[in-house]
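**Student:** Following is a predicted model, sequence given first.
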Amino acid sequence: MLMGRRVASIISVVAKLGIADYLEAGPKTAAELAALVDADAGSLYRLLRAAASVGVTVEGADGKFSQTPMSEVLRTNAKPSLRAFSMMGSMDLVARTWDNLEYSVRTGKPAVEKVYGKPVFEYLQEHRDDAALFNEAMTAISTIDSAPVAEAYSFEGIHSLIDVAGGHGLLLATILQRHPQMKGTLYEWPSVLEGAAKGPLAPVMDRCTLVAGDIFTSVPAGYDAYVMKHIIHDWPDDVCVKILQHCRKGVNPGGKLLVADAVIQPGNDPDFGKILDLEMLVLPGGRERTEQQFRELFNAAGWRLSRVIHTRSPVSIVEGVPA
């Protein structure tokens with residue numbers, strides 16, 4: 001377990017070099033791959049040997065390396081692809097803030113503000129290359145949990161849906177493709193919307209509107225349902241209450257609030273949400289929540305938690321109705 005960060009770094013470099021893309025056509029030696037990725041052959045062999053020791057690649061008797069099910073998801077064209085998410089783990093933004101986890105634990109404040117002197121999303125606004133990788137990584141994660149969310153909820157009676165701070169709109173696109181009678185809106189920062197129209201929403205743009213704005217100031221009104229995936233976990237309770245109040249103010253009579261996030265379970269079983277919770281602590285300053293914490297949050301914003309729907313991904317759907 002103590003070597004876990006080293007293993008993550010190995011995977012991140014394998015992803016960044018595009019090794020899985022080159023292995024798609026068949027096994028290759030470290031020397032062949034080094035020529036393709038502009039790396040030192042001996043050092044690349046050592047990297048791939050270490051990767052093979054944890055199942056990310058496999059070395060044959062002929063000295064050639066092949067893909068495994070783990071490395072297949074590191075291909076650019078894989079569905080789902082975790083290449084961008086793997087690369088994000090070695091970004092200075094992520095690595096340096098995790099290096100300062102102790103600061104966040106002692107103070108309760110995001111480490112990113114200690115390291116960079118500003119909130120994480122302000123940093124991303126100013127560093128477009130990092131922001132592009134971050135958005136790509138979030139879309140990659142969305143390829144894992146968007147379909148499970150769309151499958152787990154019936155959306156019965158919902159004719160208009162707004163995806164609040166939905167990135168490039170993969171979740172919204174997935175839902176709209178399953179429900180041809182529905183119209184959707186993606187509400188995001190202007191800089192994020194730049195890549196949305198030609199992204200996952202392209203096939204359904206005839207039923208979709210892109211609206212730029214600031215979720216901390218207002219949320220468009222007049223929708224049957226407001227959905228947010230991996231948004232509420234970004235923020236502390238007081239900020240979340242304001243966002244949820246905007247949604248409550250705008251929702252149509254009888255409408256729904258759908259928050260797709262990890263719901264922390266009691267006990268000590270392995271739980272991805274409990275690790276992600278610390279990422280929320282060091283980066284945006286938010287948290288993953290238990291069902292009771294969601295209930296209290298909803299109550300404070302004028303919603304009533306009606307049910308929690310678990311999906312086949314680490315994400316659950318926390319449904320709220322107007323209180």
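**Tutor:** Good, I have the coordinates. Numbers count the residues shown, from 1 in each chain.

**Student:** Residue 143 is in what secondary structure piece?
**Tutor:** Element membership of residue 143 [criterion: DSSP states H and E] is helix 128-152.

**Student:** Also residue 163?
**Tutor:** Applying DSSP H and E, one finds residue 163 within strand 160-164.

**Student:** for the helix or strand that that strand is followed by, the distance to its chain's centre please.
**Tutor:** For strand 160-164, the succeeding helix or strand toward the C-terminus, using DSSP H and E, is helix 170-178. Taking the mean C-alpha point of helix 170-178 and that of its whole chain, the gap between them comes to 16 Å (Cα atoms, centre = their mean, to the nearest Å).

**Student:** Buried residues, helix 170-178. List them.
**Tutor:** 170, 171, 172, 173, 174, 175, 176 (16 or more other Cβ atoms under 10 Å). (Each C-beta comes from the backbone N, C-alpha and C, glycine too.)

**Student:** now the third one, nearest residue through space, not along the chain?
**Tutor:** To tie it back to what came earlier, the one meant is residue 172. In space, and not counting its chain neighbours, residue 172 is closest to residue 163: 4.0 Å by Cβ to Cβ, 6 or more residues apart in numbering.

**Student:** per-residue confidence at residue 222?
**Tutor:** Looking at residue 222, its pLDDT is 98.

**Student:** neighbours of it, just the number please.
**Tutor:** Residue 222 has 11 neighbours, counted by other Cβ atoms under 10 Å.

**Student:** Distance of it relative to residue 210?
**Tutor:** Remark: distance between residue 222 and residue 210 (Cβ to Cβ, to the nearest Å) = 16 Å.

**Student:** cool, and residue 85?
**Tutor:** 24 Å.

**Student:** Looking at these two, which has the bigger crowd around it?
**Tutor:** Counting neighbours by other Cβ under 10 Å for residue 85 and for residue 210 shows that residue 85 has the greater number, 23 against 18.

**Student:** Just list what whichever strand or helix holds that one packs against, helices and strands only.
**Tutor:** Using DSSP H and E, residue 85 maps to helix 83-88. Packing contacts for helix 83-88, counted by 3 or more Cβ pairs under 8 Å, 6 or more residues apart in numbering; DSSP states H and E, involve helix 4-17, helix 128-152.

**Student:** Least confident of those helices, on average?
**Tutor:** Comparing mean pLDDT across the helices and strands packed on helix 83-88, the lowest value falls on helix 128-152: a mean of 91.

**Student:** what's that one packed up against?
**Tutor:** The contact analysis (3+ Cβ pairs under 8 Å, 6+ apart) places helix 128-152 against helix 83-88, helix 120-126, helix 170-178, strand 223-229.

**Student:** Identify whichever of those lies nearest to residue 196.
**Tutor:** Closest approach to residue 196 among the helices and strands packed on helix 128-152 (Cβ to Cβ): helix 170-178, 9.4 Å.

**Student:** Pull out the buried residues from stretch 177-190.
**Tutor:** Within stretch 177-190, the residues that qualify as buried by neighbour count (16+ other Cβ under 10 Å) are 179, 182, 183, 184, 185, 186, 187, 188, 189.

**Student:** Pull up the distance across stretch 196-204, start to finish.
**Tutor:** In stretch 196-204, first residue to last residue: 12 Å (Cα to Cα, to the nearest Å).

**Student:** Show me which parts of it are buried, residue by residue.
**Tutor:** Buried residues in stretch 196-204, counted by 16+ other Cβ under 10 Å: 196, 199, 200, 201, 204.

**Student:** Next up, the contacts around residue 224.
**Tutor:** 157, 158, 159, 160, 161, 251, 252, 254, 255, 256 (Cβ atoms under 8 Å, 6 or more residues apart in numbering).
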